[in-house]
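*Asks:* from the sequence below, what's the structure:
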Amino acid sequence: MLALGFSKREVAPHLAAVFEQQNPASMRVLEKNGFRREAIHKRVVMKEGVLMDECLYAILREDWEKDRALRPEGSGRAADL
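*Replies:* Model prediction:
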């Protein structure tokens, strides 16, 4: 999916936001696929009556391309999709 996204958007990074307290597994998946944590927005999301932190992740095209060049073909990572 990142390949498709980067083919359509030349400059802008791809962003992903995750609720820090409820989704550490998603945070790890993003990190394994080359995303970097850019910011933590403290207590900005209300879910089920609880204020939560939101972690913002980003990946730049050049970082994604460098990562793809370094890993073996068909590594099975989500970034290969």
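*Asks:* isn't residue 52 right up against residue 19?
*Replies:* Yes - if you go by C-beta atoms under 8 Å, residue 52 and residue 19 touch, sitting 5.0 Å apart. All C-beta atoms are positioned from the backbone trio N, CA, C, and that covers glycine.
*Asks:* got the contact list for residue 56?
*Replies:* Each residue near residue 56 by C-beta atoms under 8 Å, 6 or more residues apart in numbering is listed here: 15-17, 37-41.
*Asks:* quick check: bridge partners of it?
*Replies:* Beta-bridge partners for residue 56, by DSSP bridges, are residue 17, residue 39.
*Asks:* and the pLDDT at it?
*Replies:* Looking at residue 56, its pLDDT stands at 94.
*Asks:* cool, and residue 12?
*Replies:* 71.
*Asks:* quick revisit: which neighbours do residue 52 and residue 19 have in common?
*Replies:* Shared contacts of residue 52 and residue 19, defined by C-beta under 8 Å, 6+ apart, are found at residue 45.
*Asks:* would you turn the contacts of residue 56 into CSV with pLDDT?
*Replies:* Compiled in CSV, the contacts of residue 56 are given as follows (pLDDT from 0 to 100):
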residue, pLDDT
15, 85
16, 88
17, 90
37, 94
38, 94
39, 94
40, 94
41, 93
